[in-house]
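Trainee: sharing a model that was predicted from the sequence below.
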Amino acid sequence: MLARVSVLTALLLALWLPAQAQFATPTLPFVQVGAAGVPGVGVQVGFGTPAFTVLTREGALYTEYRFNSEANDGRDGFLVGLGIGGSLRVLRALTVLADLRTGPFDLDLGLRLGPSFFFSEGESARNKARSFNLFAEPFVRGSARLGRRVVYAEAGTQRAHLRFGLLLGL
């Protein structure tokens, strides 16, 4: 009896470890760090926790420096946003459901919600009242494992629209 349990346990471990290695992006909580651009330049930092293999719960801090933004009366300024939401890991779902081999790639479709603030020097009272906004940002993120690193590229509706960088597993 003990021998059967030991053999079964060894077999499950032998199958489980390669199954965990086939995914491109971290299966544990991760930090997302990257640069952002278009139309301004900025930085994005985020945190994510995979849930149920095919979903993530995540939050992101967006920053962008705007150059002569038409949306803000042609003034330079700094935008800060904080979004909370989640995503569906499309290629991972296909791997689980259809045994599709996606290699070192993953694709996420998600939504983040949150506030954003625009700061600039010499703001009038009218512009200060318009500096706070709530946003709902649908986004798409592609990621790939390159050696021991996982890189990502992301596009969304929150400024700066294009982001790229590293996903770091915790």
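Mentor: Now that the structure is in, tell me what you want to look at.

Trainee: surely residue 120 touches residue 77?
Mentor: Yes: under the criterion of C-beta atoms under 8 Å, residue 120 makes contact with residue 77 at 3.3 Å. Using the backbone N, CA and C atoms, a C-beta is placed for each residue, glycine as well.

Trainee: the two: which has the busier surroundings?
Mentor: residue 77 (22 against 17; other C-beta atoms under 10 Å).

Trainee: just the pLDDT for that one.
Mentor: Listed pLDDT for residue 77 reads 82.

Trainee: give me phi/psi at it?
Mentor: phi -180, psi 180 (degrees, to the nearest 10).

Trainee: check contacts around it.
Mentor: Each residue near residue 77 by C-beta atoms under 8 Å, 6 or more residues apart in numbering is listed here: 65, 66, 69, 118, 119, 120.

Trainee: bridging residues for it?
Mentor: residue 66 (DSSP bridges).

Trainee: and for the one 5 residues further on?
Mentor: With DSSP bridges as the criterion, the beta-bridge partners of residue 82 are residue 61.

Trainee: okay but it is in contact with residue 59, surely?
Mentor: Yes: between residue 82 and residue 59 there is a contact at 7.1 Å, judged by C-beta under 8 Å.

Trainee: strands along the protein, start to end?
Mentor: 30-37, 41-51, 55-69, 75-89, 105-119, 132-146, 149-156, 162-169 (DSSP state E).
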